[in-house]
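[1] For reference, the sequence and a predicted model appear below.
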Amino acid sequence: MIIFDHEGGGSLLGVDPRLRLAAVLLLALLLYAVPSPVGAAAALGLAAGVATLARVPPGRTLRRLAALNLFMVMVVAVVPLGVPGEPLGALGSLAWSREGVVRAGRIALQANAVMLAAFALLATLDPVRLGLALRGLGAPRRIVVLFFLLVRYIEVIHQEYHRLADALALRGFRPRANRHTLRTFGYLIGQLLLRSLERADRILAAMRCRGFDGRFHLLAAPVPGRGNVAFAVGWTAALLVVGWLGWRASL
């Protein structure tokens with residue numbers, strides 16, 4: 001289970017993580033306000049350009065976007081059913097409207113644009129810098145600490161789950177649609193929770209022995225540079241263009 005990509009970064013390696021996180025948040029807010037699919041399509045093009053500059057692995061990124069678009073297929077199929085407008089087709093009492101298809105397409109474009117921008121700007125950061133960027137933008141300290149622990153130990157829980165699942169398979173368990181399978185999965189989840197709680201107690205004790213006081217201290221503060229200024233100016237100009245295209249198309 002890989003959450004962050006240590007490959008890539010490209011020309012964005014020197015950009016302050018706080019700027020990169022703020023850039024993704026501003027893009028998401030702008031797409032929420034822009035009412036036109038044209039703006040969403042422009043934002044997707046912007047995200048693709050940033051991904052190219054960041055040199056993110058294209059194969060892995062496309063696989064992740066494919067997982068997102070499996071859900072978007074359901075959105076495109078369901079949303080037009082609840083939006084009134086000019087009918088495009090009907091299946092019994094269900095009718096898909098043209099306005100609903102446009103809205104669903106805009107949602108799909110927006111989701112892909114934000115996700116691709118997040119892959120390009122955030123996934124190439126290590127978890128520590130991303131957590132410190134959250135704190136630098138004003139996120140509560142407890143949320144940042146939980147984020148650090150989640151990123152560090154979600155893989156541990158994932159490995160523990162596979163050990164339990166392998167133990168079940170070695171004992172001849174094969175999941176089927178019956179009561180025994182449901183009961184076995186219940187035992188599996190309960191055992192995973194118990195082991196996670198026990199490990200959490202051991203981790204907390206170890207951290208306290210090392211003087212942990214609820215804070216992660218920053219050893220080296222980000223240094224302002226020309227790369228940060230260039231990125232901020234370029235991203236702001238790109239967002240203005242995306243917004244202008246979106247609002248102009250909606251008039």
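    That came in fine, so what should we check first? Numbers count the residues shown, from 1 in each chain.
[2] tell me, how many neighbours does R142 end up with?
    9 (other Cβ atoms under 10 Å). Every residue, glycine included, has its C-beta placed from N, CA and C.
[3] So for it, what's the pLDDT?
    What the model reports as pLDDT for R142 is 85.
[4] Who are the contact partners of it?
    Neighbouring residues of R142 by Cβ atoms under 8 Å, 6 or more residues apart in numbering: G214.
[5] Stretch 104-112: which residues count as buried?
    Applying a neighbour-count criterion of 16 or more other Cβ atoms under 10 Å, one finds A104, G105, R106, I107, A108, L109, Q110, A111, N112 buried in stretch 104-112.
[6] Out of those residues, flag the one nearest to L197.
    Closest approach between those and L197, by Cβ to Cβ: A111, at 35.0 Å.
[7] Give me the distance between the helix or strand harbouring the closest one and the centre of its chain.
    According to DSSP states H and E, A111 maps onto helix 98-121. Centroid separation for helix 98-121 versus its chain: 13 Å, with Cα atoms, centre = their mean, to the nearest Å.
[8] what's the following helix or strand past that helix packed up against?
    For helix 98-121, the following helix or strand on the C-terminal side (DSSP H and E) is helix 127-136. Helices and strands touching helix 127-136, as assessed by 3 or more Cβ pairs under 8 Å, 6 or more residues apart in numbering; DSSP states H and E, comprise helix 17-33, helix 141-170.
[9] Buried residues, the worst-scoring helix or strand of the chain on mean pLDDT. List them.
    Least confident helix or strand of the chain, by mean pLDDT, DSSP states H and E, is strand 87-91 with a mean of 76. By neighbour count with 16+ other Cβ under 10 Å, strand 87-91 contains no buried residues.
[10] ok, residues contacting it?
    P80, A95, W96, S97, R98, V101.
[11] will you turn these into JSON lines that also has pLDDT?
    Formatted as JSON lines, the contacts of strand 87-91 follow (pLDDT from 0 to 100):
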{"residue": "P80", "pLDDT": "86"}
{"residue": "A95", "pLDDT": "80"}
{"residue": "W96", "pLDDT": "83"}
{"residue": "S97", "pLDDT": "86"}
{"residue": "R98", "pLDDT": "84"}
{"residue": "V101", "pLDDT": "87"}
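[12] Highest neighbour count among those residues?
    Counting neighbours by other Cβ under 10 Å, P80 leads those with 24 neighbours.
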